[in-house]
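**Q** heads up, no residue letters with this:
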């Protein structure tokens, strides 16, 4: 077995790298139009769905739903939507819930949201908007599906990942906290006065019921507290709101003239989820009217493409009815951060024309499906022209057409980037360095950088030790006392604690007129530094985690003693967020538990026991504390398949997905990335397209019998960048498209696993 030398790649790439949060699954593969077939026993299914929509909005049971050939019986289906639904039209948006009546999912997804493109002649607004947004915020995956009902083609739909408990658990590492959908309960329209604009309406939760939909078992007090702090005590806003995500949300909506959003008349189409840090996180939703299709801002109606292109970048900065904008932008630093985010969105997507290139790459994927769509709301000619040209007629309920995407956004980009707020000289951040590239846990390090064109006390370092934590922002100094060299030399430094096995950080600097982040997509992206998993204060660390347990083989966590002496771990405790918040007991290590030098101990986290807890299949944060109650190790592990675990690549070293489970033994003999000799020649793994490729390729394989197959793409550092398939497949030939659009050029590996068969191949992405 030939292994990739991880240390070689670290040496080549330097002491830190940008965190890459790209992920994908076959169901949301942008290069493949999915096929969804719904079968109702009742011939009057449309009447039943309309009646349910007008009443309780309950699900109607479909006899079956088949997704790409995989059949599910007894499935909940209902119509969804507000402005795109109409009882008198044939093509209405769907919400399919696979697990309404029985436990079942497709590639881990249970809720399927299908939009009908009633407002979008181009068919790309939603998918394009999500592809841009995912660079800056946690956002849904989105692609296309042809939908059939009782054998009849209903047309091409946009399929976007549901923002539900699975989504928040994947992105915010919990799912039971306060969770709200911010849309008027009775729908938005003429005369709507109950809008989710986060205005404080008093302490009575009843005042909020018609504007917000609670998707959790509790949370009204949390939402009311957020509104109160935002409106009446803004100095404490960072304790209850992820301000950076909120600023990205406002900036994104403004740049894309997405007025069917918080910055529009109804202040809607977003979610709020409170994570374990106590802060609400913004999640955007519903982009069928982005790029200027909706015109009502609540103060000014932008009725022409020209007026939309010059919509003020400070929309609602002085309007009390939009406190998320008014209150945040009233703080000079937040305003500069907001402008920096707008500038990043503009320069990374619009001034260089890359958004149009992406849009133009989407239409060939769906051309034939749009042409075959019997109930589309615009003509095929309008579909073809709307990327560049205004469409003035057609559409679903209300009609009215839509601006040409490039005619709007080219003019808007030129207009905004000519304004003083964006032409002002910005600080420069260069030469970022750390005092110790391989620090020990519980030590301190200096982070330094050269910063020019900034003010004194205006350079900040944000840092955290885990993706589930919030960033702590501290001042950096040019005083010669913070690892920064000589005083006044434009090198700024700050000391930060290394409290975990990784440090994630970013820099921000401002002057009187502008601010700048490094990396520019912070806080969504950041620099990372790996720490030595052992330290003088704790030689006991978590080493491997398995969360795909069964009743016969429960979930477990492996503990490692990195020292050369026996260590008694009696009374140590391990717990997840439930134990951390006090709602569950902590799992206590039994008395007389001793771990030998360089030895291992496996503790079962069986939630059938009163003191146990279940590990989430999609990943979550776990804490380990010693007998005195001091936390000595934490990790947020990733979800994995039944034949994988999440562990340190070398014992006590860096965490990553492991493709061999080594419970109770050393991890050092395994690696994420290896070139393997297949055990069975009946399986075959190929790559059909040229190597190198840019930016898409097809990977094909064959299986001799029905098999549980995983096909995963890794980068050169062993990080999972795409899971193309992880499911039971029928015997035969299969192929999947891999899209590297959002990845950097470089060496990648794809690995197929099926039973005892393992094969890995290298390919190169060149852009």
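**A** Done, it's in. What you are looking at is a predicted structure, and each value in this text was computed from that prediction instead of being measured.

**Q** Quick check: most distant residue from the centroid of this structure.
**A** residue 592 (43.1 Å; Cα atoms, centre = their mean).

**Q** now it: how far from residue 237?
**A** 50 Å (Cβ to Cβ, to the nearest Å). In this view, the C-beta of every residue, glycine as well, is placed from N, C-alpha and C.

**Q** got it, and residue 375?
**A** Per Cβ to Cβ, residue 375 is found 46 Å from residue 237.

**Q** okay, these two: which has more neighbours?
**A** residue 237 (20 against 14; other Cβ atoms under 10 Å).

**Q** residue contacts, the more buried one?
**A** 229-230, 243, 327-328 (Cβ atoms under 8 Å, 6 or more residues apart in numbering).

**Q** Kindly report the same for residue 76.
**A** So residue 76 contacts 59-62, 96-98, 100-101 (Cβ under 8 Å, 6+ apart).

**Q** Would you show me how to pick out the buried ones of the residues you listed in PyMOL?
**A** Per 16 or more other Cβ atoms under 10 Å, the buried members of the contacts of residue 76 correspond to this PyMOL selection:
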select buried, resi 59+60+62+96+97+98+100
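
**Q** what two of the contacts of residue 76 are the furthest from one another?
**A** Maximum pairwise distance in those, criterion Cβ to Cβ, is 14.1 Å, between 60 and 98.

**Q** If we ignore the residues flanking it in sequence, what's nearest the most centrally placed residue in the chain?
**A** The centroid of the chain falls nearest to residue 138 when counting by Cα atoms, centre = their mean (3.1 Å). Once flanking residues are discounted, residue 138 sits nearest to residue 171: 4.1 Å by Cβ to Cβ, 6 or more residues apart in numbering.

**Q** what helices or strands is the one helix or strand that neighbour maps to leaning on?
**A** According to DSSP states H and E, residue 171 maps onto helix 165-172. Judged by 3 or more Cβ pairs under 8 Å, 6 or more residues apart in numbering; DSSP states H and E, helix 165-172 is in contact with strand 280-284.

**Q** which helices and strands does the strand it packs on pack with?
**A** Checking 3+ Cβ pairs under 8 Å, 6+ apart, strand 280-284 ends up next to helix 165-172, helix 220-232, helix 243-255, strand 270-274.

**Q** Return the distance of the third one from the chain's centre.
**A** Using Cα atoms, centre = their mean, to the nearest Å, the mean C-alpha position of helix 243-255 is found 15 Å from that of the whole chain.

**Q** relative to strand 270-274, how tilted is it?
**A** Orientation of helix 243-255 against strand 270-274 (axes from the mean of the first three to the mean of the last three Cα atoms, to 10 degrees) gives an angle of 180 degrees.

**Q** Now do helix 243-255: everything it contacts.
**A** 132-133, 136-138, 237, 258-259, 261-263, 270, 281-282, 284, 311, 313, 315, 324-325, 328, 334, 337-338, 341-342, 345-346, 350, 412, 416, 471, 522-524.

**Q** Flag every buried residue along it.
**A** Those would be 243-255, for helix 243-255 by 16+ other Cβ under 10 Å.

**Q** So which of those is the closest to residue 444?
**A** residue 244 (25.0 Å).

**Q** Against residue 352, how distant is the closest one?
**A** 24 Å.

**Q** The stretch 301-450 of the chain: helices as residue ranges?
**A** 305-309, 323-329, 332-345, 354-372, 380-385, 405-417, 420-423 (DSSP state H, counting those that start in this stretch).

**Q** Please apply the same query to the stretch 501-650 of the chain.
**A** 577-581.

**Q** Residue 531 - how many residues pack around it?
**A** As a measure of burial, residue 531 has 22 neighbours, counting by other Cβ under 10 Å.

**Q** What residues does it make contact with?
**A** Residue 531 neighbours (Cβ under 8 Å, 6+ apart): 438-441, 498, 500-503.

**Q** Give me the distance between it and residue 463.
**A** Counting by Cβ to Cβ - residue 531 and residue 463 are separated by 12 Å.

**Q** so where do the helices sit in the stretch 1-150 of the chain?
**A** 6-13, 45-54, 125-133.

**Q** Could you list the low-pLDDT ranges of the stretch 501-650 of the chain?
**A** 532-537, 578-585, 607-612 (pLDDT under 70).

**Q** For the helices and strands packed on strand 280-284, could you give me TSV that also reports distance to residue 572?
**A** As requested, these are exported to TSV (distance: least, Cβ to Cβ, whole Å):
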stretch	distance to residue 572
helix 165-172	27
helix 220-232	33
helix 243-255	35
strand 270-274	30
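
**Q** Select, out of those, the one closest to residue 121.
**A** Among the helices and strands packed on strand 280-284, helix 243-255 sits nearest to residue 121 (Cβ to Cβ), with 21.1 Å.

**Q** Please work out the angle formed by the directions of that closest one and helix 405-417.
**A** Going by the same axes, to 10 degrees, helix 243-255 makes 120 degrees with helix 405-417.

**Q** tell me the mean pLDDT for helix 243-255?
**A** Helix 243-255 carries an average pLDDT of 98.

**Q** ok, now stretch 32-46?
**A** For stretch 32-46, the mean pLDDT works out to 97.

**Q** First-to-last residue distance for it?
**A** End-to-end distance of stretch 32-46 (Cα to Cα, to the nearest Å): 28 Å.

**Q** Next, the buried residues of that stretch.
**A** Buried residues in stretch 32-46 (16+ other Cβ under 10 Å): 32-34, 36-40, 45.

**Q** what domains does the record give for this protein?
**A** Structural domains assigned to the chain are 26-161, 172-350, 426-527, 540-658, 674-765, following automatic domain parsing.

**Q** Quick one, which of those gets closest to residue 401.
**A** For residue 401, the closest of those is domain 26-161, at 7.0 Å, according to Cβ to Cβ.

**Q** So which helix or strand of this structure has the lowest pLDDT on average?
**A** Least confident element among the helices and strands of the chain, by mean pLDDT, DSSP states H and E: strand 2-3 (a mean of 30).

**Q** hang on, the earlier thing: dump the buried residues of stretch 32-46 to TSV, plus distance to residue 213.
**A** Listed next are those as TSV, based on distance: Cβ to Cβ, whole Å:
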residue	distance to residue 213
32	32
33	31
34	27
36	26
37	30
38	25
39	30
40	27
45	26
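
**Q** For the stretch 401-550 of the chain, which segments count as strands?
**A** Taking DSSP state E, counting those that start in this stretch, the strands of the stretch 401-550 of the chain run over residues 428-434, 443-452, 459-464, 472-475, 491-498, 502-510, 515-518, 527-530, 540-546.

**Q** could you dump these to a markdown table with distance to residue 555 and mean neighbour count?
**A** Below are those laid out as a markdown table (distance: least, Cβ to Cβ, whole Å; neighbours: other Cβ atoms under 10 Å):
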| stretch | distance to residue 555 | mean neighbour count |
| --- | --- | --- |
| strand 428-434 | 35 | 16 |
| strand 443-452 | 32 | 19 |
| strand 459-464 | 26 | 22 |
| strand 472-475 | 31 | 14 |
| strand 491-498 | 29 | 21 |
| strand 502-510 | 23 | 24 |
| strand 515-518 | 38 | 24 |
| strand 527-530 | 26 | 19 |
| strand 540-546 | 6 | 25 |
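
**Q** So which of those strands is nearest residue 744?
**A** strand 527-530 (15.0 Å).

**Q** Chain neighbours aside, what residue packs nearest to residue 102?
**A** In space, residue 102 is closest to residue 74, 5.7 Å off (Cβ to Cβ, 6+ apart).

**Q** Number of residues surrounding the one you found?
**A** 15.

**Q** Quick one: closest of the helices of the stretch 301-450 of the chain to residue 88.
**A** So among those, helix 380-385 is nearest, using Cβ to Cβ, at 21.4 Å.

**Q** Show me what that closest one is packed up against.
**A** On a contact count with 3+ Cβ pairs under 8 Å, 6+ apart, helix 380-385 meets helix 354-372.
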